[in-house]
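Asks: Here is a sequence together with a model predicted from it:
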Amino acid sequence: MPTPASSSDERLPGHVRHLIVGAGVHGLSTAYHLARDLKAHGEGDGSDVLVVDKTGVGAGASGIACGVVRNNYFQPAMAELMAACVDIWERHSEDLHYHGCGYVALGPPSQESDLVAVHERHQRIGYASELILGEDEVAAHMRGLFADWRAPGLTVCLHELQGGFAQNISAVRGLAAMARREGVNVAAGVEVTGFDTDAAGTVKRVLTDRGDIDVEQVVIAVGPWIKSLWQMLDLPQRLDVRQPDGSVARDRDMWTYWYLQEGEVGVDPRSFVTERGDLPPVLHVDSDQPLRDDDGRLVTDEPWGVYFKRDTDGVQGGASPIPKGSEYVIDPYPSASVDAGFADMWSAALSHCMGRFEGTRAQFLDVRSGGVGAFTADNFPVFDYLRDNVFVAADSNHGYKMIAVGREIACVLRGEHSSLLHPFRYERFATGDLHPVSHSPYPWS
Ligand SMILES: Cc1cc2nc3c(=O)[nH]c(=O)nc-3n(C[C@H](O)[C@H](O)[C@H](O)COP(=O)(O)OP(=O)(O)OC[C@H]3O[C@@H](n4cnc5c(N)ncnc54)[C@H](O)[C@@H]3O)c2cc1C
């Protein structure tokens, strides 16, 4: 559960050099890295950085994310950024409750070319992964990991030997503790309600429900709430998007919402281990095979996809998200739950993959899970200055794993260039400098 708001009599400073809005993974990672960098360069310290959150640490998507950390990205810029992120997770695994158990993506023939390209890129950037091609070879690889593996029709397997998952809310609290150790103040129960700007559009003062704060720089890292902050900054809600072929997609929504369905089955977590008795890698299966439940009833004959991992109380994961359009009421978060058919589909998929999950539908847990994400006009992040002193970290729901974004933002705030963030600038919508799109059915692959 999110950390509750702190008492409302805590006094806020009237002025701060760097104000960060949002205590999720991006806001806290930025705060931690900025405090360290300021100190290292003799330019200040953590007391120059204030994080405010309308609820508390991990109250948004970061606190409920599945927590998967992977580098299965078809886009070169995403793959390079992800390698930097995995590096941070590995270096701070204890503070961040991170398990480097790896990640396995399995798919039908239609996904072979994408996963081959991803593997080639892994090799170029020095990210450890194995590629297995052919139905028999894939089945043999999976049976080496799990003797009861039984999913047919999968002809490609990309096994990331790095990556894995972190415990969502524990990791965010760990990150908050790291930032606080650097002297950062994290204030809960402070909602940003507006911005005062000068004639040039520079934000001079941030308005909150607990008083106004004069600022030098602002970082907006509000996850799915970005649309309302975007509005406060008078940024366009609709825009034309130039495509790489020069054509223009007119009048697109800048923000649309997708609901991510997730769930958990309450099996004994110790029953989900590899043949060697290790923590299993996170598994992601996309399949074109008919999906049946344990009684043989057809669940779907459309292509389907699921991901799952071992969790504290069982096995947890999700499936393809549901589009919710551009108008969506987020609060309270999460404000919806899974579709009626999700439990049937997801449990059937687990059983389709591994004999040990036969009959687990009955153990599907009715717990808080899933949540909404706000996606940009091209479904990739925007990491950029949107006013000359307002940096926006809007990850298009790619981002629990993207812990290095905050490190890069800290560099940019200090006047340095970030080649990792450069491909995610807002101007790409006007120039057509978009990211390549994969064959994956997910909006974030
Ligand atoms: C169900 C689900 C599963 C996911 N699984 C994964 C996964 O496995 N791996 C992965 O990499 N990504 C995953 N994601 C995506 C990932 O969780 C998000 O992209 C990421 O956590 C966003 O982080 P953030 O810091 O931008 O925002 P958030 O974590 O949402 O934090 C934003 C904070 O801003 C605060 N806030 C909002 N408005 C205001 C305001 N006006 N004033 C002050 N504070 C404000 C909120 O209270 C909140 O705490 C998942 C997302 C969902 C919904």
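Replies: Structure's in. What do you need? Computed from a predicted model, the values in this text were never measured in an experiment.
Asks: Look up phi and psi at residue 386.
Replies: phi -110, psi -10 (degrees, to the nearest 10).
Asks: My read is that it contacts residue 394, right?
Replies: No - look at residue 386 against residue 394 with Cβ atoms under 8 Å: they stay out of range, at 9.2 Å. Backbone N, C-alpha and C define where each C-beta goes, glycine included.
Asks: higher neighbour count, those two?
Replies: residue 394 (28 against 17; other Cβ atoms under 10 Å).
Asks: contact partners of the helix or strand hosting residue 124?
Replies: Taking DSSP states H and E as the definition, residue 124 sits inside helix 112-125. With Cβ atoms under 8 Å, 6 or more residues apart in numbering as the test, helix 112-125 has contacts from 71-74, 76, 79-80, 83, 105, 107, 127-131, 133, 155-158, 160, 438-440.
Asks: go with 6 Å
Replies: Outside of helix 112-125, the residues within contact range by Cβ atoms under 6 Å, 6 or more residues apart in numbering are 72, 74, 79, 83, 129, 131, 156, 158, 438, 439.
Asks: Likewise for stretch 401-418?
Replies: If you take Cβ under 6 Å, 6+ apart as the criterion, stretch 401-418 is touched by 25-26, 29-30, 33-34, 37, 69, 84-85, 88, 217, 391, 393, 395, 420-421.
Asks: From these, pick out the ones that also neighbour the ligand.
Replies: Among the contacts of stretch 401-418, the ones lying near the ligand by Cβ under 6 Å from any ligand atom are 25, 26, 395.
Asks: what's around residue 315, how many residues?
Replies: So residue 315, with other Cβ under 10 Å, has 27 neighbours.
Asks: Spell out which parts of this protein neighbour the ligand.
Replies: So far as Cβ under 6 Å from any ligand atom goes, the chain lies against the ligand at 21-27, 52-55, 59-62, 64-68, 191-192, 221-225, 260, 262, 370-371, 373, 395, 397-401.
Asks: Which members of those residues occur in strands, if any?
Replies: 21, 52, 53, 68, 192, 260, 262, 371, 373 (DSSP state E).
Asks: and the two most separated of the residues you listed?
Replies: By the measure Cβ to Cβ, 68 and 192 form the most distant pair in these, at 29.4 Å.
Asks: Using a markdown table, lay out the ones next to the ligand among the contacts of stretch 401-418 together with pLDDT.
Replies: Converted to a markdown table, these look like this (pLDDT from 0 to 100):
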| residue | pLDDT |
| --- | --- |
| 25 | 98 |
| 26 | 98 |
| 395 | 97 |
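Asks: Considering these, which possesses the most neighbours?
Replies: Neighbour max across these (other Cβ under 10 Å) = residue 25, 32 neighbours.
Asks: Now that one. Nearest residue, chain neighbours left out?
Replies: Using Cβ to Cβ, 6 or more residues apart in numbering and skipping residues adjacent in sequence, the residue nearest residue 25 is residue 62, 4.3 Å away.
Asks: confidence score at that neighbour?
Replies: Looking at residue 62, its pLDDT is 97.
Asks: now swap in residue 439 and tell me
Replies: 76.
Asks: burial count for it?
Replies: 14.
Asks: how close does it sit to the ligand?
Replies: 20 Å (Cβ to the nearest ligand atom, to the nearest Å).
Asks: how far away is residue 261 from residue 401?
Replies: 19 Å (Cβ to Cβ, to the nearest Å).
Asks: The two - which one has more neighbours?
Replies: Shown here are residue 261 and residue 401; by other Cβ under 10 Å, residue 401 has more neighbours (26 against 23).
Asks: from the contacts of helix 112-125, which has minimum pLDDT?
Replies: residue 439 (76).
Asks: element containing the residue lying closest to residue 185 once chain neighbours are set aside, please.
Replies: Distances taken as Cβ to Cβ, 6+ apart put residue 50 closest to residue 185, at 5.1 Å, once the chain neighbours are dropped. Assessed by DSSP H and E, residue 50 sits inside strand 49-53.
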